[in-house]
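S.K.: Turn this into a structure:
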Amino acid sequence: MGRQCKPPSQTWRTFLENHVQQLVSTDFFVVPTVTFRVLYVFIVLAHDRRRLLHFKVTAHPTSEWTAQQLVEAFPWGNAPRYLLHDRDSIYEGPFRQRVRGMATEEVLMAPRSPWQSPYVERLVGSMRRECLDHVVIFGESPLRSILKFYMACYLRSRTHLALAKDAPESRAIQSPELGAVIEIPEVGGLHHRYERRAA
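M.R.: Next comes the predicted model:
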């Protein structure tokens, strides 16, 4: 008598596509300072429009601190259905209790598989290449300030092919009748936003 074969489960990519409206990713990345201190940046990214929902900087992350950041990212009970993150031990204990309290289902990535969280990994790479690789970080406060400017630029100005060349916060199409194209410096001149303005 042969074994009964179960139908195959959906692939990882299919899961991401099927739940893109209800899926949020979190991740940490490190930023060294000029004095060789290591700062940790925690980010929360919504998959639907690649929106950076929340970020915070600390020198000493804990599970309690990370759980509090999740509350700050979703303050009024608007928690996502799924929360995608890696298997770091910081996501244990108080963090796991907080996620359960928010009625959110944790989705864990396989060990050493950053490709399973493509949007947040891409965001981390973009933050490094487009901003942090071009500045010297002196401490928490300057890093927080720089990332705040980058976050505003990312949300309003940075286009994505997956969003039909729109930004996470949708931009209106400007017709030529509005005037000449001017450049507006952002992130201290590292990037520019281009808009039409009447002369």
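
S.K.: got a list of what the residue most central in space within the chain touches?
M.R.: By CA atoms, centre = their mean, the chain has its centre lying nearest to Leu45, at 3.2 Å. The neighbours of Leu45, taking CB atoms under 8 Å, 6 or more residues apart in numbering as the test, are Val24, Ser25, Thr26, Asp27, Arg51, Leu52, Leu53, Tyr119, Val120, Leu123. Heads up, the C-betas are built off the backbone N, CA and C, glycines and all.

S.K.: from these, which is closest to Glu17?
M.R.: Tyr119 (11.9 Å; CB to CB).

S.K.: May I see the buried residues of the helix or strand hosting the closest one?
M.R.: Using DSSP states H and E, Tyr119 sits in helix 118-130. In terms of neighbour count (16 or more other CB atoms under 10 Å), helix 118-130 has its buried residues at Tyr119, Val120, Glu121, Leu123, Val124, Met127, Glu130.

S.K.: roughly how far out does the lowest-mean-pLDDT helix or strand in the chain sit from the chain middle?
M.R.: Using mean pLDDT, DSSP states H and E, helix 12-18 stands out as the lowest-scoring helix or strand of the chain, at a mean of 85. Distance, stretch centre to chain centre, for helix 12-18: 18 Å (CA atoms, centre = their mean, to the nearest Å).

S.K.: one step back: mind putting the contacts of Leu45 into CSV with distance to Gly77 and pLDDT?
M.R.: Formatted as CSV, the contacts of Leu45 follow (distance: CB to CB, whole Å; pLDDT from 0 to 100):
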residue, distance to Gly77, pLDDT
Val24, 14, 95
Ser25, 20, 96
Thr26, 18, 96
Asp27, 24, 96
Arg51, 18, 93
Leu52, 21, 95
Leu53, 15, 95
Tyr119, 24, 92
Val120, 23, 94
Leu123, 25, 95
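
S.K.: Next, give me the two most distant ones among those residues.
M.R.: Spanning the widest gap among the contacts of Leu45 are Asp27 and Arg51, at 14.7 Å by CB to CB.
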